[in-house]
Each structure stands twice: as structure tokens, then as C-alpha cells.
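Chemist: pasting the structure only:
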């Protein structure tokens with residue numbers, strides 16, 4: 001059987017049995033013997049021509065069908081910047097595409113589990129040299145003892161390492177879903193806390209408190225993705241308290257703007273506006289990612305009030321203008337900054353809420369087009385599951401406001417089933433239900449509405 005036929009059969013099996021995208025890629029590579037790069041393409045059901053066109057259109061990097069074929073067959077290797085383009089396109093890491101290996105302790109057990117799952121799916125036994133769970137635990141214990149020994153004396157290297165980890169977490173969020181990143185964030189937070197207990201200089205303490213504030217905020221983001229409102233609020237509060245001790249206004253604005261998202265998503269508009277106002281006061285007049293996020297939160301929170309339309313549009317215009325003035329590092333990091341994709345998701349939702357469905361649709365399209373051609377393996381970028389879902393559900397609301405009620409119901413059903421299974425959290429389903437309420441009672445007797453209602457009920461019962 002040809003690789004394409006085998007891949008088609010495995011895709012159908014994956015859809016029936018709700019495999020993870022990683023398991024599907026592993027199964028295709030194992031069953032067909034093709035390279036992992038080709039396995040990712042087959043898993044996404046794309047041709048070489050389609051990949052070449054989409055990379056050129058979405059990434060601005062010209063890649064030919066011939067180049068892709070050479071890379072997939074091993075006749076040539078892509079340069080480093082093109083490897084990065086491939087990783088962004090498929091939403092994964094270089095080692096998972098076959099370019100090198102990842103030997104980090106946090107990945108060992110996950111990779112072993114994936115290998116076992118793939119061998120079960122393809123009927124092949126584990127390789128005899130596979131690291132077993134007991135060995136992996138022993139190695140983790142050794143690494144932990146070495147870490148305690150090496151950090152027994154506070155060193156500049158240890159602090160710099162944690163600061164670098166914070167800066168690089170944007171990539172970690174891209175390559176995994178919330179639950180997969182949480183363990184690494186918690187481990188780094190524990191290390192920072194232990195170092196803080198031993199520091200004796202105010203400057204080093206401030207650096208560690210900055211690390212702790214960012215890591216606590218990341219845990220808040222992760223808890224928000226997983227739908228745990230209470231834990232999210234606790235970690236956002238810890239982030240604010242740590243930032244307050246540094247007396248750094250930019251950091252305090254970042255932590256406060258991030259915390260403002262929680263009441264926004266859980267329907268407390270007044271609290272969302274209060275936190276957003278405080279974040280803007282801390283940020284000052286200079287352009288900053290925290291100020292852009294706070295402006296969009298305030299606009300989204302006020303959009304439900306008819307008398308606030310002018311103020312909402314003013315905030316959106318200011319956010320878009322300020323985002324253009326941000327440095328590149330602030331617009332390419334979705335954790336410490338705010339990406340164009342995130343901004344488009346927020347603008348699309350808010351324009352729809354104030355009745356400007358045409359502009360809302362335009363921004364929704366930019367978000368949804370970003371996901372075209374990707375093997376959905378999780379968040380794809382920070383807030384990715386929420387941004388992706390918000391764009392779909394807000395687009396559905398736009399259809400409802402325009403009177404196309406069946407299309408609204410169809411979009412909601414499609415969105416819920418399209419969002420990766422591990423990302424169908426309480427928060428995503430809550431957003432879907434809110435979008436469904438935009439369909440008026442008189443339009444809720446159609447077949448499409450009934451299908452949507454059944455989809456939401458089923459996933460709510462299994463989430």
C-alpha cells in the first residue's frame with residue numbers, strides 16, 4: 001500500500017478514535033517508513049504543492065516543491081531559518097520533524113509514552129533499547145540531586161538560566177498544550193523560590209522576584225486555559241504581589257493586565273475594567289504590550305453596554321496604533337508581549353460585539369487563516385486555543401447578528417469539533433455556549449440548531 005493510502009486510512013482511524021496529532025504522525029512514520037517531516041505533511045493531508053504555497057503565503061518565505069521533496073527524502077537539509085519556518089508551519093519542534101533529538105528530562109517520559117502508543121497503534125513492539133519508566137525516574141532523581149548541589153551556592157549562572165527560561169517559554173507554549181507545559185513552569189518556579197531564600201542582595205532578589213512574577217502569571221494563563229478559575233486567580237494574584245515587590249511599573253502592568261483576562265472570560269465586566277484601568281495607569285503613556293492588552297480587555301468588557309460604543313472603538317483604535325509602535329520582540333512573544341494574531345482575535349470579537357460585523361469578520365479571517373495547514377497539536381501559540389475558539393465563536397455571533405442563524409449554528413458545531421480534543425476546556429465550551437445564545441429563540445427550531453445543541457451537550461458532559 002502506498003504511503004498516501006496508508007496515511008488516509010490512519011487519518012480516518014485517528015478521527016474515529018480521537019488520537020492525538022502526535023500519535024497520528026508517529027503511526028504514519030512507523031507504518032509507512034517515511035521521514036517524520038513527510039509524516040507531518042501526510043497527517044495534515046497536504047500535497048507538496050499545497051505546503052509550498054501556504055508557507056510562501058503565510059510565512060513570506062519562498063519554498064519550492066522540489067526543496068520540500070529533497071528535505072522529506074533526506075537528499076538535502078533545510079537551513080536553520082527554514083527549519084524554523086517548517087516548525088512554525090507544522091506547529092512543532094525541530095526534533096519532532098526529524099532534525100536532531102531532544103534529550104531533556106521533562107520530555108523523556110512523554111516521548112516514551114508516545115512511542116509506546118504508536119507501537120500499539122501500528123502493531124509493532126517497542127525497541128529493545130527503549131528507556132523504561134523506572135530508568136527515567138532514576139535519571140530524574142539524579143538530575144534533581146545535581147541541581148540542588150549546583151545551586152547550593154547562589155550563582156549568577158543560576159539566575160541567568162531562569163531568566164532565559166522565562167524569555168523562552170513562548171516557544172514552549174507553542175509546542176504543547178497547557179497541561180504539558182505546567183510541569184516545567186512549576187519546576188522553574190520552585191527553583192526560583194529556593195534561590196530567593198538564599199539571596200542576600202536586593203538587586204538579585206529583584207531579578208528573582210521578576211522571574212517568579214512571570215512564572216506565576218504563566219501558571220495563571222495555564223489554569224485559565226484549563227478552566228480552573230480559582231487557581232488561575234490565585235496565580236495571577238501571586239504574580240501581582242511578586243511584581244509589586246520589585247516596584248517595576250512595566251512588570252506590574254504586565255501582571256495586572258494578565259489578571260484582567262480572568263474576570264473578562266468569566267463574565268465579571270466590572271472587575272475586568274477595574275484591572276485594565278489599573279494596568280493602564282501603571283503602564284503610563286509609552287507604548288507597551290501590557291497597555292495594548294489592557295486596552296483590548298477594557299474594550300471587550302465594555303462592548304456589551306450600548307452607551308459605551310464610542311469609548312470601545314477609541315480603545316480599539318488606540319490599541320491597534322500602539323501595537324504598531326511596539327518593538328519586534330513584544331509582537332512576536334505571546335506571553336511577555338502580545339502578537340498580531342492575539343490582537344486580531346480581540347479586535348474581531350469586540351467589533352462583532354458592538355455590531356460592526358464586517359470588520360469583525362475581517363479580523364476573524366486573519367486569525368483562522370493563520371491555522372490553515374497546521375496539524376492542530378495544542379495551543380500553537382500562547383492563548384492559541386482561546387484565540388482560535390474566540391475567532392470561530394465570534395464569527396458565529398456575527399452570522400447570528402446578520403440574521404444567518406443556521407450558519408451561526410454550523411460554525412459553532414464545526415468549531416467545537418475542530419478545536420483539538422485536549423483544548424476543549426470548560427473555558428472554550430463556555431465561550432461556545434455564549435455564542436449560541438446570540439441565536440434568537442425563534443430560530444432555534446431548525447435542524448442545524450439541534451445538531452449544535454447536541455454537540456455542545458455531548459462535549460460538556462465529557463469535558
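Modeler: Nice, thanks for sending it over. Predicted model only: the values in this text are computed from it and were never measured.

Chemist: How is the protein divided into domains?
Modeler: Structural domains assigned to the chain are 3-124, 156-247, 252-338, 370-463, following automatic domain parsing.

Chemist: Quick one: closest of those to residue 345.
Modeler: Closest to residue 345 of the domains of the chain, according to Cβ to Cβ: domain 370-463, at 3.9 Å. No exception for glycine: its C-beta is placed from N, CA and C like everyone else's.

Chemist: what about the helices in the stretch 101-250 of the chain?
Modeler: Along the stretch 101-250 of the chain, the segments classed as helices by DSSP state H, counting those that start in this stretch run 105-122, 133-150, 156-175, 178-198, 202-226, 229-246, 249-265.

Chemist: between those helices, which gets nearest to residue 399?
Modeler: Closest approach to residue 399 among the helices of the stretch 101-250 of the chain (Cβ to Cβ): helix 249-265, 22.0 Å.

Chemist: and that closest one, how far from the chain's centre?
Modeler: Relative to its parent chain, helix 249-265 has a centroid offset of 18 Å by Cα atoms, centre = their mean, to the nearest Å.

Chemist: what helices or strands is it leaning on?
Modeler: Here helix 249-265 touches helix 202-226, helix 229-246, helix 269-283, helix 289-302, helix 426-436, going by 3 or more Cβ pairs under 8 Å, 6 or more residues apart in numbering; DSSP states H and E.

Chemist: will you turn those helices into a markdown table that also has mean neighbour count?
Modeler: Conversion of the helices and strands packed on helix 249-265 to a markdown table gives the following (neighbours: other Cβ atoms under 10 Å):
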| stretch | mean neighbour count |
| --- | --- |
| helix 202-226 | 22 |
| helix 229-246 | 19 |
| helix 269-283 | 20 |
| helix 289-302 | 27 |
| helix 426-436 | 20 |
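
Chemist: Which of those sits closest to residue 50?
Modeler: helix 426-436 (28.0 Å).

Chemist: Can you name the next helix or strand after the closest one?
Modeler: Later in the chain than helix 426-436, the nearest helix or strand by DSSP states H and E is helix 447-462.

Chemist: ok, back up a step: any idea which of the helices of the stretch 101-250 of the chain gets closest to residue 43?
Modeler: Smallest distance to residue 43 across the helices of the stretch 101-250 of the chain (Cβ to Cβ): 12.1 Å, for helix 105-122.

Chemist: hmm, back to that, out of the domains of the chain, nearest to residue 348?
Modeler: Of all those, domain 370-463 sits nearest to residue 348, with 5.5 Å by Cβ to Cβ.

Chemist: Who are the packing partners of the helix or strand residue 317 falls within?
Modeler: Taking DSSP H and E as the definition, residue 317 sits inside helix 309-324. For helix 309-324, the elements it packs on are helix 289-302, helix 340-353, judged by 3+ Cβ pairs under 8 Å, 6+ apart.

Chemist: Quick one: residues in contact with that helix.
Modeler: Residues from elsewhere that reach helix 309-324, judged by Cβ atoms under 8 Å, 6 or more residues apart in numbering: 287-288, 291-292, 295-296, 298-299, 302-303, 331, 338, 340, 343, 346-347, 350-351, 354-355.

Chemist: what's downstream of it, the next helix or strand?
Modeler: According to DSSP H and E, the helix or strand after helix 309-324 is helix 328-331.

Chemist: Can you list the neighbours in contact with that next one?
Modeler: Under the criterion Cβ under 8 Å, 6+ apart, residues 288-289, 323, 336-340 lie in contact with helix 328-331.

Chemist: May I ask which helix or strand of this structure has the lowest mean pLDDT?
Modeler: Scoring the helices and strands of the chain by mean pLDDT, DSSP states H and E places helix 105-122 at the bottom, with a mean of 39.

Chemist: If you count neighbours, what's buried in the helix holding residue 317?
Modeler: By 16 or more other Cβ atoms under 10 Å, the buried positions in helix 309-324 come out as 312-313, 315-316, 318-320, 322-323.

Chemist: how far does it sit from the chain's center?
Modeler: 24 Å.

Chemist: before we move on, what about stretch 308-326?
Modeler: Its chain's average C-alpha position is 24 Å from that of stretch 308-326, according to Cα atoms, centre = their mean.

Chemist: Quick one: mean pLDDT for that stretch?
Modeler: Stretch 308-326 shows an average pLDDT of 94 in the prediction.

Chemist: List the contacts of the nearest residue to residue 398 once chain neighbours are set aside.
Modeler: Counting by Cβ to Cβ, 6 or more residues apart in numbering, residue 398 lies nearest to residue 357, which is 4.0 Å off, once chain neighbours are set aside. Residues near residue 357 by Cβ under 8 Å, 6+ apart: 351, 398, 401-402.

Chemist: Now do residue 357 against residue 244, distance only.
Modeler: 41 Å (Cβ to Cβ, to the nearest Å).

Chemist: low-confidence ranges in the stretch 301-450 of the chain?
Modeler: Applying pLDDT under 70 to the stretch 301-450 of the chain flags the ranges 370-388, 420-423.

Chemist: three-state assignment of residue 396?
Modeler: Three-state assignment for residue 396 (DSSP: H, G, I helix; E, B strand; the rest coil): helix.

Chemist: Pretty sure it sits against residue 434.
Modeler: No: with contact defined as Cβ atoms under 8 Å, residue 396 does not count as touching residue 434 (10.1 Å).

Chemist: residues in contact with residue 363?
Modeler: Counting by Cβ under 8 Å, 6+ apart, residue 363 touches 344-345, 347-348, 351, 391.

Chemist: now with 7 Å?
Modeler: By Cβ atoms under 7 Å, 6 or more residues apart in numbering, residue 363 lies in contact with 344, 347-348, 351.

Chemist: What count of nearby residues applies to the closest residue to it other than its chain neighbours?
Modeler: Once flanking residues are discounted, residue 363 sits nearest to residue 348: 3.3 Å by Cβ to Cβ, 6+ apart. Neighbour count of residue 348, defined by other Cβ atoms under 10 Å: 27.

Chemist: Distance check, residue 348 against residue 436.
Modeler: 18 Å.

Chemist: Nice, that's everything, thank you.
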